[in-house]
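Trainee: sequence and predicted structure below; questions after.
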Amino acid sequence: MPSEHITFSTVTARFAWNLRIARNRAGLTQRQLAARLGMEFTCDISVWETGKQCPRIDTVVRLAEALEIEPGELLRETRGLAS
């Protein structure tokens, strides 16, 4: 089976989709998730969920902890959170 060529935009779009799904499954607003991360504003959450930027890996770990999931679930190709 040929391997998929993964680009930064592919990873960013995958992350954005999975973050939004995970946040909604946790029943959190962007403001509530930001508060769990100790952030004052929701702009970073919005930027990440729209795929305009991707957070640093340490932030991915903190997001996963706040959402009570494994960090890999935010990067999963299969969008396993959506099912």
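Mentor: Ah, there it is. This structure is a prediction, so every number in the text was calculated from the model and none was measured.

Trainee: could you point out the longest helix of the chain?
Mentor: helix 8-25 (DSSP state H).

Trainee: name the residues of the next helix or strand along the chain from that one that are buried.
Mentor: Once the chain leaves helix 8-25, the next helix or strand it forms, by DSSP states H and E, is helix 30-36. Of the residues in helix 30-36, Gln30, Leu33, Ala34 count as buried by neighbour count, 16 or more other C-beta atoms under 10 Å. Any C-beta I mention is one placed from the backbone N, CA and C, and that applies to glycine too.

Trainee: now for the longest helix of the chain, which elements pack on it?
Mentor: If contacts are counted by 3 or more C-beta pairs under 8 Å, 6 or more residues apart in numbering; DSSP states H and E, helix 8-25 sits against helix 43-49, helix 57-67, helix 71-75.

Trainee: end-to-end on stretch 54-73?
Mentor: Stretch 54-73 has an end-to-end distance of 15 Å (criterion: C-alpha to C-alpha, to the nearest Å).

Trainee: tell me how far the residue most central in space within the chain lies from Thr10.
Mentor: Central residue of the chain (C-alpha atoms, centre = their mean): Leu19, 2.9 Å from the mean position. Separation of Leu19 from Thr10 (C-beta to C-beta, to the nearest Å) stands at 15 Å.

Trainee: so what's Thr50 closest to, chain neighbours aside?
Mentor: Using C-beta to C-beta, 6 or more residues apart in numbering and skipping the chain neighbours, the partner closest in space to Thr50 is Ala16 (6.2 Å).
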